[in-house]
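S.K.: Here is my input; please provide its structure:
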Amino acid sequence: MEDNRSVMVKYDFNTIKVLLHRILNGPDSIEKSKLIEMLTYYTYDSEQFCRKVFDISVGNMLPEPIRVGLEVVIDPNKTGWLSQSDKDIIANATKDGVIYGTVMKFIGYHGYSNYEIGFSKGTIAVPIEAVSTMNKII
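M.R.: Numbers count the residues shown, from 1 in each chain. Reported below is the predicted structural model:
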């Protein structure tokens, strides 16, 4: 008799971080080789991720993510392509020629849009380059 069972495993960000750390820092193993092979494909498919890998390899460290809840200024020239509804959200958040928003979530370094920024009329995703903390401006 064949006994097929499955188990649902709950995980969070820290669980994945610990698993990757264990595999990558462990002894040379088949798991490490397979993980590196898999990550190579994911990295190669993402121009943004490739840039970050090259940056790290030459000693340029990644910027620390801006803390959730912090008020920030958005540079409209660095937001990339925005839909008309996103442009309307930004227009409503402009005060004295400056766009103010609040960091709602750091999405990660892997994609084009790294932060979700909240405004009074909604939330939009923007690249790291478009976000400046208030203490850098003042």
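
S.K.: what ranges do the strands span in this structure?
M.R.: Counting by DSSP state E, the chain has strands at residues 71-74, 94-95, 98-106, 115-119, 122-126, 131-133.

S.K.: And the contacts of the first one?
M.R.: Looking back up the chat, that one is strand 71-74. When contacts are defined by Cβ atoms under 8 Å, 6 or more residues apart in numbering, strand 71-74 is touched by residues 66, 90, 93, 98-103, 117, 126, 130-134, 137. C-beta coordinates here come from the backbone N, C-alpha and C atoms, glycine included.

S.K.: Okay, domains of the protein per the record?
M.R.: In terms of domains, the chain is parsed into 13-45, 71-137 (source: automatic domain parsing).

S.K.: Among these, single out whichever gets nearest to Leu62.
M.R.: domain 71-137 (5.9 Å; Cβ to Cβ).

S.K.: ok now the closest one, how far from the chain's centre?
M.R.: Centre-to-centre, domain 71-137 and its host chain are 14 Å apart (Cα atoms, centre = their mean, to the nearest Å).

S.K.: My guess is His110 contacts Phe49. True?
M.R.: Yes: under the criterion of Cβ atoms under 8 Å, His110 makes contact with Phe49 at 4.9 Å.

S.K.: the more surrounded of the two?
M.R.: Phe49 (17 against 12; other Cβ atoms under 10 Å).

S.K.: Throw the strands of the chain into a markdown table and include distance to Gly26, thanks.
M.R.: Shown next, in a markdown table, are the strands of the chain (distance: least, Cβ to Cβ, whole Å):
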| stretch | distance to Gly26 |
| --- | --- |
| strand 71-74 | 39 |
| strand 94-95 | 51 |
| strand 98-106 | 28 |
| strand 115-119 | 33 |
| strand 122-126 | 35 |
| strand 131-133 | 36 |
